[in-house]
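Engineer: kindly return the folded structure for what I paste below:
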Amino acid sequence: MTETDGPKHSISVSAVIFDDEGRSLAIRRHDNGEWEPPGGVLELSESITAGLEREVKEETGLHVEAESLTGVYKNIVRGIVALVFRCHVVGGTPTTSEEAADVAWLTLAEARELMSEAYAIRVQDAGTGGPTRVRLHDGRRLLVPTP
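Structural biologist: Okay, the predicted model is just below:
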């Protein structure tokens, strides 16, 4: 097997943004109706933080700045590796977009209720601090139980 015959992975970036009340910003995607933290696929020509800032701006209208990498999550079904950052807002107003049918500030309980486990855990990990988490999921559920 040559290097080009091997598995292909996609790299995505995602932002967990908290407001002063401890709620996190989430979008409800137009394409599948699912709630998630804003983010998307990193383009080949951009840096990780530039891609993060671009995706959040496109989806929510907000300008953000990354504070810390809070988790690395691999969807083993689709081959997507997501780098998730805790971020803070530096400008803009939350708004819907071509990708986001709705934008809302959610409590952790609301995130757990509205998001699949694979996405709600990202909000929880970003809110708890501590070491960067590394987790596997199938697109909906974690494959290793959360401690």
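Engineer: where's the closest residue to residue 122 other than its chain neighbours relative to residue 93, distance?
Structural biologist: Of all residues beyond its chain neighbours, the one nearest residue 122 is residue 84 (4.9 Å), with distances taken as C-beta to C-beta, 6 or more residues apart in numbering. Backbone N, C-alpha and C define where each C-beta goes, glycine included. According to C-beta to C-beta, to the nearest Å, residue 84 stands 23 Å off from residue 93.
Engineer: the more surrounded of these two?
Structural biologist: Summary of the neighbour comparison: residue 84 and residue 93, criterion other C-beta atoms under 10 Å, with residue 84 having more neighbours (28 against 9).
Engineer: looks to me like the more buried one is in a strand.
Structural biologist: Yes - according to DSSP: H, G, I helix; E, B strand; the rest coil, the state of residue 84 is that of a strand.
Engineer: list the residues that contact it.
Structural biologist: By C-beta atoms under 8 Å, 6 or more residues apart in numbering, the contact list for residue 84 reads 13-16, 37, 39, 69-73, 122, 125-126.
Engineer: bridging residues for residue 92?
Structural biologist: Note on residue 92: beta-bridge partners residue 62, judged by DSSP bridges.
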